[in-house]
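Visitor: need coordinates for the following:
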Amino acid sequence: MESKGLQPMDSEQLRENAHKMVDFIADYYKSIENFPVLSQVEPGYLRELLPDSAPNQPETLQNVLDDVQAKILPGVTHWQSPSYFAYYPSNSSVAGFLGEMLSAGINMVGFSWITSPAATELEMIVLDWLGKLLKLPEDFLSTAGQGGGVIQGTASEAVLVVLLAARDRVLRKLGKNALEKLVVYASDQTHSALQKACQIGGIHPENCKLLKTDSSTNYALSPDLLSKAISDDISTGLVPFFLCATVGTTSSTAVDPLLSLGKMAKNNGIWFHVDAAYAGSACICPEYRCYIDGVEEADSFNMNAHKWFLTNFDCSALWVKDRNALIQSLSTNPEFLKNKASQANMVVDYKDWQIPLGRRFRSLKLWMVLRLYGLENLQCYIRNHINLAKYFEGLVAADSRFEVVTPRIFSLVCFRLLPPNNNEDHGNNLNHDLLDAVNSTGKIFISHTVLSGKYILRFAVGAPLTEERHVTAAWKVLQDEASALLGSL
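Guide: A predicted model of the protein is given here:
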């Protein structure tokens, strides 16, 4: 019996329905300011609105889109809203969307070169392009030595694959029984992805050492503290093997001192990984490139193009100096994947640089972003967000009820409402209540962290549509809710 609905693939049906979908998405962006930024639904809301089983007969696209409008969008937190200031951004753009659309249309699974040569070769080329924009050492480029770049899904995947490569490099020398002696170092501000990588990699929980930071270093990792930790561990028979430094920590954008940390890692035979997931994007601007000075000492470097680089999620760029370390740790070569080009070592097979076998044609969207915007526009985009953060910082500093907590480096401002009479016992509850009150308005969305025991509000500028008027409006919401809270005390 012939279906009256959509065929699995029909070019004319695709044309007609894709036009409707593009119109729907364009209208969404046109009206995005009308939605509460943070979804206001209660847990389990959607089960009450949708049937408990899939339909037997096809429905129309219009019916589905009507349900998206009425039932799905109320449960969406709008990351692309100009009043989204939480966590870190997850950028979308016309170029990124078009690249994503083209990737979805081609829909190949590019695990090896032969499965689509263009996918592998374009990825090598665009990561060389991006590496050059960041002025990474030539060792990280595919055209020099044994290095090269690869697109991972997230920074969590990036740190996992390099930790596994570093682990296996050490175990090949010392034997598998040495696993329980291996030690990982980072600051206590490092993303929790490192702890998860250690769990997956079999590193003993006590040997994932997150060294304490404080305001004296603006929450950056102290080389002296690291040096002592390494010495102490070596003296007790442990084996230091992996150091993760961060450029732009999640809590406060702290920047670890790469040069001194990197030299210490090299002197002790430790794999040095630099996580610049958020702030790496800013380093395409000459005035911010200094924050990755010392990257020449690193074995691997990561930044998320999907955070602040106008490239739709997911697109996490990872560069390594020694691709063979990844391949030795992650490669498999079953009979059904063997082919002439791979067997002759003439090509890169990215399946051996990552956890999964399958991979999408992600380089298309990064390629289109680089081509359709160009370096100068991308630099202007980053600088505009940093200027808006400076503007917000100034608004906070001008109100004596608030304080800026850490020095602003990029486009994140960490601040808090000061408790009346400097009663710090009430400070954390006060700021927690302010966060809830502000987010409950639906007008803006911000998030929080804790630094030195204090509950801190975070205001991250980075959404593609954000303008000065949105920052001004956000500050008014914060002031109004702060006034209401203080008035009730």
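Visitor: show me which parts of stretch 373-384 are buried, residue by residue.
Guide: Using 16 or more other C-beta atoms under 10 Å as the burial criterion, the residues of stretch 373-384 that qualify are 373, 378, 379, 381, 382. For glycine as for every other residue, the C-beta is placed from the backbone atoms N, C-alpha and C.
Visitor: and the residue lying closest to residue 112 once chain neighbours are set aside, what does it touch?
Guide: Take residue 112 and drop its neighbours on the chain: the residue closest to it by C-beta to C-beta, 6 or more residues apart in numbering is residue 349, 4.2 Å away. Taking C-beta atoms under 8 Å, 6 or more residues apart in numbering as the contact definition, residue 349 lies against 111, 112, 113, 120, 331, 342.
Visitor: so who does the closest residue to the fifth one other than its chain neighbours touch?
Guide: Same thing as residue 331. Spatial nearest neighbour of residue 331, excluding adjacent residues (C-beta to C-beta, 6+ apart): residue 352 at 3.8 Å. For residue 352, the contacting residues are 326, 327, 330, 331, 332, by C-beta under 8 Å, 6+ apart.
Visitor: got phi/psi on residue 352?
Guide: Backbone torsions for residue 352, taken as degrees, to the nearest 10, come to phi -90, psi 10.
Visitor: same check on residue 240?
Guide: phi -60, psi 130.
Visitor: may I have the beta-bridge partners of it?
Guide: residue 183 (DSSP bridges).
Visitor: measure it to residue 15 for me?
Guide: With distances defined as C-beta to C-beta, to the nearest Å, the gap from residue 240 to residue 15 amounts to 58 Å.
Visitor: and what of residue 417?
Guide: Computed with C-beta to C-beta, the distance linking residue 417 and residue 15 is 54 Å.
Visitor: these two: who's more crowded?
Guide: The residue with the greater number of neighbours, taking residue 417 and residue 15 and applying other C-beta atoms under 10 Å, is residue 417; the counts read 24 against 9.
Visitor: is that one in contact with residue 428, as I believe?
Guide: No - at 10.7 Å, residue 417 and residue 428 do not qualify as touching, with contact defined as C-beta atoms under 8 Å.
Visitor: tally of neighbours for residue 6?
Guide: Using other C-beta under 10 Å, residue 6 is surrounded by 15 other residues.
Visitor: now do the residue nearest to residue 112 against residue 106, distance only.
Guide: The gap separating residue 349 from residue 106 is 19 Å, by C-beta to C-beta.
Visitor: ok, residue 237 next?
Guide: Spatial separation of residue 237 from residue 106 under the definition C-beta to C-beta is 53 Å.
Visitor: which of the two has more neighbours?
Guide: Each of residue 237 and residue 106 had its neighbours counted (other C-beta under 10 Å), and the higher figure belongs to residue 106 (14 against 7).
Visitor: just give the nearest non-adjacent residue to that one, would you?
Guide: residue 361 (5.9 Å).
Visitor: give the contact list for that neighbour.
Guide: When contacts are counted by C-beta under 8 Å, 6+ apart, residue 361 touches 102, 103, 106, 108, 110, 116, 119.
Visitor: tell me which element it falls in.
Guide: Residue 361 belongs to no helix or strand when assigned by DSSP states H and E.
Visitor: quick one: it from residue 129, how far?
Guide: Computed as C-beta to C-beta, the residue 361 to residue 129 distance reads 17 Å.
Visitor: helix, strand or coil for residue 77?
Guide: Secondary structure state of residue 77, per DSSP: H, G, I helix; E, B strand; the rest coil, is coil.
Visitor: tell me how many other residues surround it.
Guide: The burial count assigned to residue 77 is 16, neighbours taken as other C-beta under 10 Å.
Visitor: the closest residue to it other than its chain neighbours: what secondary structure?
Guide: Of all residues not flanking residue 77 in the chain, residue 39 sits nearest, at 4.7 Å (C-beta to C-beta, 6+ apart). Following three-state DSSP, we place residue 39 in the coil state.
Visitor: offset the numbering so it begins at 19, please.
Guide: OK, 19 is where the count begins now, so the last one is residue 57.
Visitor: residue 57 and residue 479, how far apart?
Guide: Looking at residue 57 against residue 479, where the rule is C-beta to C-beta, the gap reads 21 Å.
Visitor: more neighbours: those two, which one.
Guide: Neighbour tally, residue 57 and residue 479, criterion other C-beta under 10 Å: the higher count belongs to residue 479, 26 against 16.
Visitor: any idea how far that one is from residue 402?
Guide: Separation of residue 479 from residue 402 (C-beta to C-beta): 9 Å.
Visitor: do residue 191 as well
Guide: From residue 191 over to residue 402 the distance is 49 Å, taken as C-beta to C-beta.
Visitor: residue 150 should be in a strand, yeah?
Guide: No - when three-state DSSP is applied, residue 150 is found to be helix, with no strand at that position.
Visitor: how about the helices in the stretch 319-468 of the chain?
Guide: For the stretch 319-468 of the chain, applying DSSP state H, counting those that start in this stretch gives helices covering 323-326, 341-348, 358-361, 381-415, 442-458.
Visitor: just the buried residues of whichever strand or helix holds residue 35, please?
Guide: According to DSSP H and E, residue 35 maps onto helix 29-48. Using 16+ other C-beta under 10 Å as the burial criterion, the residues of helix 29-48 that qualify are 35, 46.
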